[in-house]
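Asks: Pasting the sequence and the predicted coordinates here, then a few questions.
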Amino acid sequence: MWDAAFERGEAHLGTGAIGLALRCPLEEASPRIVRATRLPDRGERGFAFTAVGTAARLNGELTPELYSVLRAEGAKGLAAAAIDDTLTFVPWRKLPLWLKGRSVSVTVRNKLEGWWLRSEDAVGDAWRTVRRFTHR
């Protein structure tokens, strides 16, 4: 049914790809989701990438074709949320090497940002304390 709608060029195929991710086995849905990520309408492509993230959540893995689509789109494009979902719901051992590298870099960046924010808080607290004692 989705294939026929695709051939006719119908609207809302990206939205339909989410339904495929929810209702079909991963191997069956994967080629259709990949096709949906290449739709001309940016909004519908966005829904197709939502379908990729949904597939990762539900299956705890993705097909090599879906990983390729994520890599081609990149972490700053429409695939950002799908990549985050994949890193959250797919076990480390099942991730391709490029996504493991992304995971490590995100973890390191988050840790450094956390340290920076905590140090900012500590400096701010110290400065407020100093000002409180010097303005008496």
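Replies: Structure received.
Asks: Quick one: residues contacting residue 115.
Replies: With CB atoms under 8 Å, 6 or more residues apart in numbering as the criterion, no residue contacts residue 115. To be clear about C-beta, it is placed using only N, CA and C from the backbone, and glycine gets the same treatment.
Asks: what about it, which SS state?
Replies: Classification of residue 115 by DSSP: H, G, I helix; E, B strand; the rest coil places it in helix.
Asks: mind checking pLDDT for it?
Replies: Looking at residue 115, its pLDDT stands at 82.
Asks: Next one: it from residue 129, what distance?
Replies: In this structure, residue 115 and residue 129 are 21 Å apart, going by CB to CB, to the nearest Å.
Asks: Over to residue 17?
Replies: According to CB to CB, residue 17 stands 56 Å off from residue 129.
Asks: Just want the phi and psi numbers for residue 39.
Replies: Residue 39 adopts backbone torsions of phi -60, psi 150, taken as degrees, to the nearest 10.
Asks: Setting the sequence-adjacent residues aside, check what's closest to it.
Replies: Once its chain neighbours are removed from consideration, residue 39 has its nearest residue in residue 45; the separation is 5.2 Å (CB to CB, 6 or more residues apart in numbering).
Asks: contacting residues around that neighbour?
Replies: Taking CB under 8 Å, 6+ apart as the test, what residue 45 contacts is 14, 36-39, 78.
Asks: and those residues, which are buried?
Replies: 14, 36-37, 39, 78 (16 or more other CB atoms under 10 Å).
Asks: quick check, nearest of the residues you listed to residue 53?
Replies: If you rank these by distance to residue 53 using CB to CB, residue 78 comes first, at 10.7 Å.
Asks: Next, count neighbours for the spatially closest residue to residue 34 that is not a sequence neighbour.
Replies: Spatially, and ignoring its direct neighbours in sequence, residue 34 is nearest to residue 65 (5.1 Å; CB to CB, 6+ apart). Counted with other CB atoms under 10 Å, residues neighbouring residue 65 total 13.
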